[in-house]
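Novice: Build me a structure from this.
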Amino acid sequence: MHELGVVFHIADLVSDVAKENKAEKIKKVVMQIGEVSTVVNDQLIDCWNWNANRTDLLRGCTLEIEPIPAVTYCEDCGKEYPTVKFGKICPYCGSEHTYLRRGNEVVIKEIQVD
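Specialist: Next up is the predicted model:
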């Protein structure tokens, strides 16, 4: 489960931002997580809740996740399509000359403080 490592990294980053801005309490962190990022959202939230209660700065802080749909682009026909439903093969022209355009991101979008 790499979600715990992701949580530690996120916690370190938001803690640094809070200290730089002299914030004493973080209320909420909003993450954007791609559909094919390999992060399991429920496990990430469980790890976050466990870790957040270990420090005063994060105690009670919620983690909100906004999903980013995975979209693949076909170089042959120039169309985009949903990656999870169709995979690497373009459903429009059958080409394998495709690449993931978005959907594997893990981004901190917002940090709310007191």
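Novice: hey, let's count contacts and neighbours off CA atoms from now on
Specialist: Will do.
Novice: For this structure, identify the residue most remote from the centre.
Specialist: No residue in the chain sits farther from the centre than residue 93, which is 30.9 Å out by CA atoms, centre = their mean.
Novice: Go ahead and confirm it touches residue 79.
Specialist: No: here residue 93 does not reach residue 79: they are 9.2 Å apart, not a contact under CA atoms under 8 Å.
Novice: still on that earlier bit, please, which helix or strand holds the residue farthest from the centre of the chain?
Specialist: Under the assignment given by DSSP states H and E, residue 93 is not contained in any helix or strand.
Novice: And for it, nearest residue in space, chain neighbours not counted?
Specialist: Leaving aside its sequence neighbours, residue 93 sits nearest to residue 77 (CA to CA, 6 or more residues apart in numbering; 6.7 Å).
Novice: Just give me the neighbour total for that neighbour.
Specialist: Neighbours of residue 77 under the rule other CA atoms under 10 Å: 14.
Novice: Quickly find the element holding it.
Specialist: With DSSP H and E as the criterion, residue 77 is inside neither a helix nor a strand.
Novice: returning to what we had before: pLDDT score for the residue farthest from the centre of the chain?
Specialist: pLDDT for residue 93: 98.
Novice: swap in residue 114?
Specialist: pLDDT, residue 114: 81.
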